[in-house]
Each structure stands twice: as C-alpha cells, then as structure tokens.
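Undergrad: Give me a model of this one.
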Amino acid sequence: MPTTQPPERIVPKDLRDYLDVMSKAVFQAGFSWPVVASKWPGTREAFLDFDPEAVAGMVEPDIDALALDTRIIRNRRKIEALVGNASKILDLESEHRTFRAYLRSHADFDSTV
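TA: This is a model prediction of the structure:
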C-alpha cells in the first residue's frame, strides 16, 4: 500500500520556497506521493531551482522541452500551471510588497472554512 505522508512543513526563506511547495501540490494531484518525491530533485533542476523570474519567463519552446523531460512528471497542464503560478507569485509580491504579506492579508484557515 502506498505511503500517503504529507509534505514536510517548511519555513519559506524566499519566493523559491513558496513556488517549490506550491508546485509540489500541483504535481501531487492525481499522482502517488512516492512518485512525486522520487522525481522532485529532477523537477527542481528542470525548473531552475524554482526561481520565479526564470520560471515565469518560460515560453512555449521551454514548455515543449519540459513536456518531454524524463526528470519530471510530463503533464503539460501541470507544467503550464507552474509557469502561471510563478508569474502570479511575482505579481502578488509586487502588489503587496512581499508574497508573505499577501498570504497574511487573508484570515486564518479555520475562519475561512
């Protein structure tokens, strides 16, 4: 039976950490966690250590190449989502001074559900 351990909780140091964690959640949807975990080192490498500016700057040929890259889960929609998420993180960082400030501008989880 597959292990279903939640991802390790981290204290983000910069935008790369946020994008890494968000991306792992995207890739885990529909896949077993052990598969995602085994591919994650290659995923970090393929996505340039989750540098949001570099990932947000990826264009169609970059996405085409990633869709063929065996280091990662080759799901084009997930790849495109990661690129879009990188752009959104940068937009929110600019709009709210920091991405953390944006996250903290919302109520806590318990009060939103």
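
Undergrad: So Phe50 is in contact with Ala56, correct?
TA: No. Between Phe50 and Ala56 there is no contact under Cβ atoms under 8 Å: 10.9 Å. Using the backbone N, CA and C atoms, a C-beta is placed for each residue, glycine as well.

Undergrad: Looking at the two, which has the bigger crowd around it?
TA: Phe50 (23 against 18; other Cβ atoms under 10 Å).

Undergrad: That one: what's it in contact with?
TA: By Cβ atoms under 8 Å, 6 or more residues apart in numbering, the residues touching Phe50 are 16-17, 19-20, 23, 44, 86.

Undergrad: Got a ChimeraX select line for the buried ones in those?
TA: A single ChimeraX command selects the buried members of the contacts of Phe50 (16 or more other Cβ atoms under 10 Å):
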select :16,19,20,23,44,86
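
Undergrad: Switch the contacts of Phe50 over to a markdown table; also include pLDDT.
TA: Compiled in a markdown table, these are given as follows (pLDDT from 0 to 100):
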| residue | pLDDT |
| --- | --- |
| Arg16 | 96 |
| Asp17 | 95 |
| Leu19 | 96 |
| Asp20 | 95 |
| Ser23 | 95 |
| Arg44 | 97 |
| Ala86 | 97 |
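
Undergrad: from the contacts of Phe50, which single one is nearest Ala67?
TA: Using Cβ to Cβ, Ser23 comes nearest to Ala67 of the contacts of Phe50, at 15.4 Å.

Undergrad: can you list the residues that contact the helix or strand harbouring that closest one?
TA: For Ser23, the host element (DSSP states H and E) is helix 15-28. Residues from elsewhere that reach helix 15-28, judged by Cβ under 8 Å, 6+ apart: 7, 10, 12, 36, 39-40, 43-44, 47, 49-52, 55, 72-73, 75, 78, 81-82, 85-86, 89-90, 93, 99.

Undergrad: what's the neighbour count on Ala37?
TA: Ala37: 14 neighbours (other Cβ under 10 Å).

Undergrad: Please consider this matter closed, and thank you.
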